[in-house]
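Peer 1: Make a model of this:
(one chain, ligands or ions: 1)
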Amino acid sequence: MDMKKRIAERITSAAQRSFEGCAITAQELAAMLEIPPEKKLGDFALPCFRLSKTLRKAPPMIAAALSEHLACEEIDHVEVVGGYLNVFLSRTFLARSIVEAVLEQPGRWGSSDAGKGKTVCLDYSSINIAKRFHIGHLSTTMLGHSLKRIYDFNGYTTVGINHLGDWGTQFGKMICAYKKWGSREAVEAGGVQAMVDLYVRFHQEAEKEPALEDEGRAWFKKIEDGDPEAMEIFSWFKEVTLKDTQRVYDLLGVTFDSYAGESFYNDKMQPVIDELREKGLLTKSQGAEVVMLEDYGMPPALVLRSDGATLYITRDLAAAFYRQNTYHFDKCLYVVAYQQNLHFKQLFKIIELMGYDWYKGMEHVSFGMVSYEGRALSTREGYVVYLEDLLNKAIEKAREIIEQKSPNLPNKDEVARQVGVGAVVYFDLHNDRNKDIDFRWERALNFDGETGPYVQYTHARCCSVLRKAGEVSAAPDYAALTDDEASDVLMLLSRFPETVRKAMEQSEPSLITRHTTQLAQAYNKYYFEHRIVEEGDAQGTAARLALTSAVRDVIKTGLYLIGVEAPERM
Ligand code: ARG
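Peer 2: Numbering: from 1, shown residues only. The predicted model follows:
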C-alpha cells in the first residue's frame, strides 16, 4: 500500500484530462511529490514549477486545473497555494487501507522479499570455551539473533554461526590443571565454573613453580598433534561448556545453524597462507610473517608467528573463505564489540587485497559496553554478573510483580519467564548499539516506562479488548478512525515497514524497539481517550476493534523481530 504512488497516479490522470497531449508518467510525478513541512499544508504537495515548462502555463494555473479533476476516495480535498497543489488525504481512506493491509497477512506487515535468492551469514555470540557466559555477551547474542530474524523477515536465507573460541594455549594449561587437581565428577558437577577454577589455580601454582608452564605447553602441543587423551579431555571441556551455555540460549530462545569455531579451521588455513604468499602479501618481520597495512593507516596484521603458530586473524581469514565457499554469502555480519574494530578492518582489507570482491559484503556490527548498576564489570576485581543469574533474577522479579498485579493468571511461571527475559532483552536492544549500556533493574522492569514489560502489557491489553469483544459481524466504518489519536496510531502502523528496512540497512534493531514502543504509547493514549466498544455503534466498534487487532499484530511482530515474546495475558 504505497500512498505516494496512488496519489501520483491520481494526479497523473488529472493532468491527462486537463491538458491535451500531456505525456507525464506517474513515476515522474511521484518523484516531484513532496511531503510538506507543516500539517496545514497537506499530506503531500506538488510544486507545479517544473510542469510549467512542458505545459507552457503558469504554475498556479496548472495547480488550479489539476484541482478540478481530483475527486476520488483517497483525497479529502486539495488547496492551491501559489504554484503548489496541496493534497489532504482522506482520513477514512487512510484508516481503511492501512488497517486492511496489516490484517490481510497477519504477522507479515513490514516483511519483504528484498533478499530473495540472497544469503547472509551472521557471526554472533561466539563464546569462548571454558569461560562463563556473562552479561558482556548479551549484546552480541541478542543483536545477532534479532538481525537474523530481520533478514529472514526480508526474504534472505540466513546462517547463524557461533564461532566458538576453542583454540589456544590456555586449553593446554587447563588440561594440565585438570590432570593434577581435577576430577571428572567435580567438573561434571561444577560445569564451566569448575574449569575456570582450575585455570585460576594453574596460574597461582605456576607462580611458585614455573615448570608448570612447560607442562601446560606440552599439553597444548598434544592437542595440536591430535593425541587421543588430550583430544578426549578437550572435547569434553567443550561439551560441558556448551551444555552450560545451552541453558542460557534456551531461556533467550536463541539458536544457531553452525557451531564451527576456531579449531574447525585448523586444517583450513594453509591454502589461505599459501595464497597470501603467492600474491606477495606476506612480509617477514623478525621471523614472523605479517601483512603490511601501513598504506591503509593500520598496523601490520600478524598472520604467522615465528614458531609457525597461527593467530586469531589467520583463523578468521580461513573462516571467511570457508563461509564464502560453503554458503556463497552476499553478506557476512560479525556482531562483535567495538574493541575488535581494528581486527575486522584488517581482516576485510586483507581479503580486498587478495582480490576478492565479496569483501564488500562483510560488515562489522560493533556495539558498546555493558555496566551493571552504574559500575563497570571487571573480572579482575571480581565484579562479574553472569547472564544466567541475571535472567533468573529477572524472572523472579517479574514473578513477584505478576503475583501482585494478576494473582489469578493461569500460567504464571511461563509469563514470568517471558516478561523477565523480555525485560532484559528489550533493555539491551533499546538504545543505539554503539552506546554503552548501564543495566538498572528499576529501568528494565518498570511497567510504565519505555520497557519490555510496558510494550508486552500493551499487547496483552489489545488481546484482552479483542477477547472481551468476541465475534463482530458488522462491517467496519472507518470514518470512526479519523480523530487525532487514531491518526497517530495509523501513521505509526504505516511507517513500520520503513523502520524494518532501515533497521536492516543500518544493522540497528533498536529502531524497531523504539518504533514498537511508540506504537504502544500511541495506542494507550487512544485507548484512554476513546471507548473501543460502544453500544449502538456496531460499525464504529468494528473499526476500533480492527485497529486494535492491527496494533496487536504489529506489536507482536516488532517484539518478535527483537527476540522478545508477547504473552496474551499478563
Ligand atoms: N570469541 C571471540 C571473543 O570472545 C569473538 C569471536 C567473534 N567472531 C569472529 N569471527 N572473530 O572475543
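
Peer 1: At the contact with the ligand, which residues of the protein appear?
Peer 2: 123, 126, 128, 163, 165, 316, 319, 334, 336 (C-beta under 6 Å from any ligand atom). Any C-beta I mention is one placed from the backbone N, CA and C, and that applies to glycine too.

Peer 1: got the residue ranges for the strands in the stretch 151-300 of the chain?
Peer 2: 157-161, 282-285, 288-291 (DSSP state E, counting those that start in this stretch).

Peer 1: which other helices and strands contact the very next helix or strand once past the last one?
Peer 2: Of the helices and strands lying after strand 288-291 in sequence (DSSP states H and E), the nearest is strand 301-304. Here strand 301-304 is seen to pack against helix 270-278, strand 288-291, helix 312-327, helix 341-353 when contacts are counted using 3 or more C-beta pairs under 8 Å, 6 or more residues apart in numbering; DSSP states H and E.

Peer 1: at 10 Å what do you get?
Peer 2: Contacts defined by 3 or more C-beta pairs under 10 Å, 6 or more residues apart in numbering; DSSP states H and E place strand 301-304 against helix 270-278, strand 282-285, strand 288-291, helix 312-327, helix 341-353.

Peer 1: Distance from the chain centre to that strand, please.
Peer 2: The chain centre lies 32 Å from the centre of strand 301-304; the measure is C-alpha atoms, centre = their mean, to the nearest Å.

Peer 1: now swap in stretch 461-479 and tell me
Peer 2: Distance, stretch centre to chain centre, for stretch 461-479: 32 Å (C-alpha atoms, centre = their mean).

Peer 1: now swap in stretch 321-329 and tell me
Peer 2: Offset of stretch 321-329 from its chain centre (C-alpha atoms, centre = their mean): 22 Å.

Peer 1: sorry, back to before: dump the residues of the chain next to the ligand to JSON lines, plus pLDDT, distance to residue 406 and neighbour count.
Peer 2: What follows is the residues of the chain next to the ligand, written out as JSON lines (pLDDT from 0 to 100; distance: C-beta to C-beta, whole Å; neighbours: other C-beta atoms under 10 Å):
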{"residue": "123", "pLDDT": "98", "distance to residue 406": "41", "neighbour count": "25"}
{"residue": "126", "pLDDT": "97", "distance to residue 406": "39", "neighbour count": "21"}
{"residue": "128", "pLDDT": "95", "distance to residue 406": "41", "neighbour count": "17"}
{"residue": "163", "pLDDT": "98", "distance to residue 406": "42", "neighbour count": "24"}
{"residue": "165", "pLDDT": "96", "distance to residue 406": "43", "neighbour count": "19"}
{"residue": "316", "pLDDT": "98", "distance to residue 406": "49", "neighbour count": "22"}
{"residue": "319", "pLDDT": "98", "distance to residue 406": "48", "neighbour count": "25"}
{"residue": "334", "pLDDT": "98", "distance to residue 406": "42", "neighbour count": "26"}
{"residue": "336", "pLDDT": "98", "distance to residue 406": "40", "neighbour count": "22"}
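
Peer 1: could you list every residue that touches the residue of the stretch 451-570 of the chain at minimum distance from the ligand?
Peer 2: At 15.1 Å from the ligand, residue 507 is the closest residue in the stretch 451-570 of the chain, using C-beta to the nearest ligand atom. Contact partners of residue 507, counting by C-beta atoms under 10 Å, 6 or more residues apart in numbering, are 122, 143-144, 146-147, 150-151, 331, 333, 335, 363-367, 433.

Peer 1: Mind checking which of the residues you listed are in strands?
Peer 2: 122, 331, 333, 335, 363-365 (DSSP state E).

Peer 1: ok, back up a step: residue 185 is nearest to which of the helices and strands packed on strand 301-304?
Peer 2: Comparison of these against residue 185 by C-beta to C-beta identifies helix 312-327 as nearest, at 33.5 Å.

Peer 1: Could you give me the buried positions within that closest one?
Peer 2: For helix 312-327, burial by neighbour count (16 or more other C-beta atoms under 10 Å) applies to 313-321, 323-324, 327.

Peer 1: same deal with stretch 518-526?
Peer 2: Using 16+ other C-beta under 10 Å as the test for burial, stretch 518-526 gives 518-524, 526.

Peer 1: now that stretch, how far from the chain's geometric center?
Peer 2: Taking the mean of its C-alpha atoms, stretch 518-526 sits 23 Å from the chain's own mean (C-alpha atoms, centre = their mean).

Peer 1: got it, and stretch 168-188?
Peer 2: For stretch 168-188 - counting by C-alpha atoms, centre = their mean - the centre lies 37 Å from the chain centre.

Peer 1: tell me the mean pLDDT for it?
Peer 2: Averaged across stretch 168-188, pLDDT comes to 95.

Peer 1: end-to-end on it?
Peer 2: Distance across stretch 168-188, first residue to last, is 22 Å (C-alpha to C-alpha, to the nearest Å).

Peer 1: ditto for stretch 379-394
Peer 2: Length of stretch 379-394, first residue to last, C-alpha to C-alpha: 22 Å.

Peer 1: cool, and stretch 445-457?
Peer 2: Stretch 445-457 has an end-to-end distance of 12 Å (C-alpha to C-alpha).

Peer 1: which of the residues in that stretch are buried?
Peer 2: For stretch 445-457, by 16+ other C-beta under 10 Å, it's 445-447, 450-457.

Peer 1: Check stretch 92-110 too.
Peer 2: By 16+ other C-beta under 10 Å, the buried positions in stretch 92-110 come out as 92-99, 102, 109-110.

Peer 1: Out of the residues you listed, which comes closest to the ligand?
Peer 2: When the buried residues of stretch 92-110 are ranked by distance to the ligand (C-beta to the nearest ligand atom), residue 110 comes first, at 29.1 Å.

Peer 1: Quick check on the closest one: phi, psi?
Peer 2: phi 100, psi -10 (degrees, to the nearest 10).

Peer 1: with the buried residues of helix 312-327 in mind, which one is nearest to the ligand?
Peer 2: residue 316 (5.0 Å).

Peer 1: Isn't that closest one up against residue 261?
Peer 2: No. Here residue 316 lies out of contact with residue 261, judged by C-beta atoms under 10 Å, at a distance of 11.2 Å.

Peer 1: Need the overlap of contacts for those two.
Peer 2: Residues touching both residue 316 and residue 261 by C-beta under 10 Å, 6+ apart: residue 163.

Peer 1: Let's see the pLDDT reported for the closest residue to residue 435 other than its chain neighbours.
Peer 2: In space, and not counting its chain neighbours, residue 435 is closest to residue 368: 5.1 Å by C-beta to C-beta, 6 or more residues apart in numbering. On the pLDDT scale, residue 368 is placed at 95.

Peer 1: ok, residue 368 - how many residues close by?
Peer 2: Residues lying near residue 368 (other C-beta atoms under 10 Å) number 15.
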